[in-house]
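**Student:** Prediction below, plus the sequence it came from.
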Amino acid sequence: MSDTVDNPFFARLWTAMSSREPESLRRLRRENLAGLTGRVLEVGAGTGTNFEFYPTAVTEVVAVEPEHRLATVARRAAETARVHITVDPDTVEKFADTAQFDAVVCSLVLCSVDDPEQVVRHLFSLLRPGGQLRYLEHVAGIGARGGLQKVADATIWPRLLGNCHSHRHTEQTIVGAGFHVTGARREWVFPPWLPVPASEFAIGVAVRPG
Ligand SMILES: C[S@@+](CC[C@H](N)C(=O)[O-])C[C@H]1O[C@@H](n2cnc3c(N)ncnc32)[C@H](O)[C@@H]1O
């Protein structure tokens, strides 16, 4: 289990990258949070790029972000959000709460944790029955792109990008943890012909059965 995330290079890189996201990704972020209500847990919030998109029907967001440089940027983003957001320094593996959440938000984070199956099972336990996991994650491709992703994951990609793995079967992991997936689809954030390992995203709602 990871206790901390301490990555000064990635923190600097992600702070720059997340301030220049393509509109295609911002649109998916907005969609991923649309219609949320109540108490929400956001996993690995980074610089708080999602914060501006929370609907006002959300009463509280607890945003876990263990990389302290990113957490500092996220706390600044929280100050201008429309909803009340606190940034918690725990890893998701360590995070616990006495009350269950109405929703959990994961974006671009299940690629970065060491054991996604364990993390998704933990998220299941943090949700109330009927609660939703909202996910926006880049996922494993097939054919030549899948091969490129495997090479990237075995070489430079996780080292450069804060333990990011591009060839993960995240949708299967979510179903395997016991969630019922509704309204899921895939979308390209960058054109399919560009040799970027993290281009194809899955967006969906997964419900903890009641
Ligand atoms: C690629 S960034 C994405 C940030 C944000 N979710 C977003 O959509 O912009 C991955 C984030 O996951 C965080 N992270 C990595 N391992 C984690 C863990 N075990 N628990 C919680 N967050 C983690 C990193 O610190 C980083 O902020």
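**Tutor:** Perfect, thanks for sending it.

**Student:** Look up how far the ligand lies from the nearest residue to residue 132 once chain neighbours are set aside.
**Tutor:** Nearest non-adjacent residue to residue 132, counting by C-beta to C-beta, 6 or more residues apart in numbering: residue 103, 4.7 Å away. Heads up, the C-betas are built off the backbone N, CA and C, glycines and all. The gap separating residue 103 from the ligand is 15 Å, by C-beta to the nearest ligand atom, to the nearest Å.

**Student:** beta partners for residue 103?
**Tutor:** residue 40, residue 132 (DSSP bridges).

**Student:** Assess the claim that it and residue 38 are in contact.
**Tutor:** Yes - taking contacts as C-beta atoms under 8 Å, residue 103 lies within contact range of residue 38: 6.9 Å.

**Student:** out of those two, which sits in the more crowded spot?
**Tutor:** residue 103 (23 against 14; other C-beta atoms under 10 Å).

**Student:** Give the full set of residues in contact with the more buried one.
**Tutor:** Contacts here follow C-beta atoms under 8 Å, 6 or more residues apart in numbering; on that basis residue 103 touches 36-41, 127, 131-134.

**Student:** Do I have it right that residue 54 meets residue 38?
**Tutor:** No - Residue 54 is beyond contact range of residue 38, at 11.3 Å (criterion: C-beta under 8 Å).

**Student:** ok so, going back, just the buried ones from the contacts of residue 103?
**Tutor:** 36, 39-41, 127, 131-134 (16 or more other C-beta atoms under 10 Å).

**Student:** Let me have the residues you listed in CSV, extended by distance to residue 5.
**Tutor:** CSV is the format used below for the buried ones among the contacts of residue 103 (distance: C-beta to C-beta, whole Å):
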residue, distance to residue 5
36, 25
39, 24
40, 21
41, 17
127, 23
131, 26
132, 26
133, 21
134, 22
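
**Student:** Let's have these in a markdown table, adding distance to residue 141 and pLDDT.
**Tutor:** Listed next are these as a markdown table, based on distance: C-beta to C-beta, whole Å; pLDDT from 0 to 100:
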| residue | distance to residue 141 | pLDDT |
| --- | --- | --- |
| 36 | 29 | 98 |
| 39 | 35 | 98 |
| 40 | 30 | 98 |
| 41 | 29 | 98 |
| 127 | 29 | 98 |
| 131 | 30 | 98 |
| 132 | 26 | 98 |
| 133 | 22 | 98 |
| 134 | 22 | 98 |
